[in-house]
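*Asks:* predicted model and sequence below, questions to follow.
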Amino acid sequence: MGKINLKMTEVQNRERRLGTIIAWNGTASDLHTQSGYQQRGSGCKTNKDGCRLCEAKGPFTQGSVCSEQMVECQAGNVRDAVLIQHSPIGCGAGQVPYNSIYRNGLAMRGHKVENIRIINTSLQETDMVFGALGKLKQSIDDAWERYSPKAIFIGTSCPTGIIGEDIESVARKKQEELGIPVIPLFCEGFRSKHWSTGFDATQHGILRQIVKKSTKKQEDLVNVISLWGSDIFTPMFKELNLRVNYVVDMASVSDLEQLSEAAATVGFCYTLSSYMAAALEQEFGVPEVKAPMPYGFAGTDAWLRELGKVTHREELVEQYIAKEHARVKPKIAELKKKLQGLKGYVATGSAYAHGLIQVLRELDIQVDGSLVFHHDPVYDSGDAREDSLGHLIEHYGEVPSFNVSNRQQYQFYGLLQEVKPDFILIRHNGLAPLASKLGIPAAPLGDEHIAIGYEGIVNLGEAILDILAHKKFHDDLKKHAKLPYKQWWLEQKDPYILAKHPELIDA
């Protein structure tokens, strides 16, 4: 892990920068021991095999997404900008679900509901031979004529990376011609093995070409790095005399420009916020709130106190904490009675999963297992206060079956069989149908802010009760569904057996 370099046009991928892995199995404490925070933020450890944190390497990938799609859901969600996908049309398939998500997000935040602005250059076979910079230039002109955007993002793809398209020179010339930021985002799918590098690519471009270097500061403004979730931070921050600057999704270009003027930066998930928050502190002097994430009482208390310290609102924070504890604890006591004896499972992104498990355990729900889609041994600040996995273990205990798998359904089946939960919490819904076929209801957390803060404990408990009310549907589905796996795999006790013995793939 090194210093963030905004002079480079291409962001360094997470594997090289943080030591990110996408496959591992064991206990939460074992994973934490092998990660870098034991050295108090000095970086990742190197073991006897020369790995900072060695991962299980399977023989194939059944399903995942790529960095380009994360650029699509970030740069494509800036309200008065346009994203150009310099790619074959197949890379634009994500425009359909992301348009729906974007429209819902705009409605939840009180913005005008409109369609996403993404243009695809539709590369053909001949473009792979002769190049397609002419198409890119025409698409930029079309975007300018059609939308008059305040910024234009250009997302690369595997084909443009393979043929070495000179995206930078086109972006530079068009920026001079149009007088707006024209920002190349290098996000070829093969650039990184995990899609979270796509978050970093978008944020890198914004930090380089949109955020203004400014000595002006707004002492009550806080950057909140988030996705599309409901506006839970505005009422919370109002109690502290603070205002919210939501970025990147649903932000305007002017919102992004003023990132450097904020008093602090926070996030709901370090997977998403790590790069931008650290760079804002390093390059623009905006302090990152370094604390556990705001999930459960322990995390939310620590997060608020650090925010209060950074913004000089310690007294207001203590008043808010006392008031909220008194308000929600009776509700949580009632929920515990209704949720007694339940066993849950979490299958989401890495840091977000740590937070959700904390909330489940606040509700006295047993959590014996979790699947995270990747694992960052350390985040960009290197500060041990952001050690979300360590915070989970210290305050809420061990997770015996803690697994890293980038949405591999064939592994997910075995993991659920091992733990046998009553329900699962999931963010990326592609895994939910498999759980349903096993008779396990899933709460697809479309609003990623549902579990944040003190009210989030109540919200998540009520959401679990809602999905358990439909348990009979899932039981019926289990009786009639047939899984697409051979019997030897259905009987397999080790979901990672193919990573350890790839020769079995032909069995």
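*Replies:* Alright, I've got the coordinates.

*Asks:* now residue 459: phi and psi?
*Replies:* phi -60, psi -50 (degrees, to the nearest 10).

*Asks:* I'd like the distance between it and residue 466.
*Replies:* Here residue 459 is placed at a distance of 11 Å from residue 466 (CB to CB, to the nearest Å). C-betas here are computed from N, CA, C, even on glycine.

*Asks:* just residue 126 next, same as before
*Replies:* 53 Å.

*Asks:* returning to that earlier point: look at residue 459 and residue 466 and report which has more neighbours.
*Replies:* residue 459 (19 against 11; other CB atoms under 10 Å).

*Asks:* residues contacting the more buried one?
*Replies:* 450-451 (CB atoms under 8 Å, 6 or more residues apart in numbering).

*Asks:* switch the cut-off to 10 Å
*Replies:* 230, 232, 359, 447, 449-453 (CB atoms under 10 Å, 6 or more residues apart in numbering).

*Asks:* redo those as TSV? Include secondary structure and pLDDT.
*Replies:* Formatted as TSV, these follow (DSSP: H, G, I helix; E, B strand; the rest coil; pLDDT from 0 to 100):
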residue	secondary structure	pLDDT
230	coil	93
232	coil	95
359	helix	98
447	coil	91
449	coil	95
450	coil	95
451	coil	97
452	coil	97
453	helix	98
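
*Asks:* can you pick out the most distant pair from those residues?
*Replies:* Distance extremes for those: the farthest pair is 230 and 359 at 16.2 Å, using CB to CB.

*Asks:* neighbour count for these two, which is higher?
*Replies:* The residue with more neighbours, out of residue 230 and residue 359, is residue 359; 29 against 18, by other CB under 10 Å.

*Asks:* you'd agree the more buried one is up against residue 450?
*Replies:* Yes: using CB atoms under 10 Å, residue 359 is in contact with residue 450, at 9.4 Å.

*Asks:* common neighbours of those two, please.
*Replies:* In contact with both residue 359 and residue 450: 425, 456, 459-460, using CB under 10 Å, 6+ apart.

*Asks:* pLDDT weak spots in this protein?
*Replies:* 1-2, 37-52, 429, 505-507 (pLDDT under 70).

*Asks:* where along the stretch 301-450 of the chain do the helices fall?
*Replies:* Using DSSP state H, counting those that start in this stretch, the helices of the stretch 301-450 of the chain run over residues 314-339, 350-362, 388-396, 409-419, 432-437.

*Asks:* could you point out which of those helices sits nearest residue 243?
*Replies:* It's helix 314-339; of these, that one is closest to residue 243 (CB to CB) at 14.0 Å.

*Asks:* okay, buried residues for that closest one please.
*Replies:* 316-317, 320-321, 324, 328, 332, 335, 339 (16 or more other CB atoms under 10 Å).

*Asks:* cool, stretch 136-149 as well?
*Replies:* 136, 139-140, 143-144, 149.

*Asks:* please apply the same query to stretch 100-114.
*Replies:* Quick answer for stretch 100-114 (16+ other CB under 10 Å): 101-103, 105-106, 108-109.

*Asks:* distance from that stretch to the middle of the chain?
*Replies:* Counting by CA atoms, centre = their mean, to the nearest Å, stretch 100-114 is centred 19 Å from the centre of its parent chain.

*Asks:* which residues are contacting that stretch?
*Replies:* 73, 76-77, 79, 94-95, 98-99, 115-118, 226-231, 234, 246, 249-252, 446-447, 449.

*Asks:* list the ones among those that fall in strands.
*Replies:* 118, 226, 246 (DSSP state E).

*Asks:* residues contacting the first one?
*Replies:* Residue 118 sits next to 72, 75-77, 82-85, 92, 94-95, 98-99, 102, 143, 153, 155 when contact means CB under 10 Å, 6+ apart.

*Asks:* got it, and the last one?
*Replies:* Residues in contact with residue 246 (CB under 10 Å, 6+ apart) are 105, 109, 222-229, 231, 233-234, 255.

*Asks:* give me that answer again for 6 Å
*Replies:* 224, 226 (CB atoms under 6 Å, 6 or more residues apart in numbering).

*Asks:* nearest to residue 298, of the contacts of residue 459?
*Replies:* residue 359 (10.8 Å).

*Asks:* how distant is stretch 124-133 from the center of its chain?
*Replies:* Distance, centroid of stretch 124-133 to centroid of chain: 33 Å (CA atoms, centre = their mean).

*Asks:* what about it, start to end distance?
*Replies:* 13 Å (CA to CA, to the nearest Å).

*Asks:* ok, now stretch 285-305?
*Replies:* 20 Å.

*Asks:* how about it: buried residues?
*Replies:* Applying 16+ other CB under 10 Å to stretch 285-305 flags 286-305 as buried.

*Asks:* on that earlier part again, redo the shared contacts of residue 359 and residue 450 as a markdown table? Include distance to residue 177.
*Replies:* Shown next, in a markdown table, are the shared contacts of residue 359 and residue 450 (distance: CB to CB, whole Å):
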| residue | distance to residue 177 |
| --- | --- |
| 425 | 48 |
| 456 | 47 |
| 459 | 49 |
| 460 | 50 |
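
*Asks:* so which of those residues wins on neighbours?
*Replies:* residue 425 (28 neighbours).

*Asks:* partner residues bridging that residue?
*Replies:* residue 346, residue 443 (DSSP bridges).

*Asks:* ramachandran coordinates for residue 30?
*Replies:* phi -60, psi -40.

*Asks:* quick check: bridge partners of the closest residue to it other than its chain neighbours?
*Replies:* Excluding the flanking residues, the one nearest residue 30 by CB to CB, 6 or more residues apart in numbering is residue 402, at 7.8 Å. For residue 402, the beta-bridge partners are residue 26, residue 370 (DSSP bridges).
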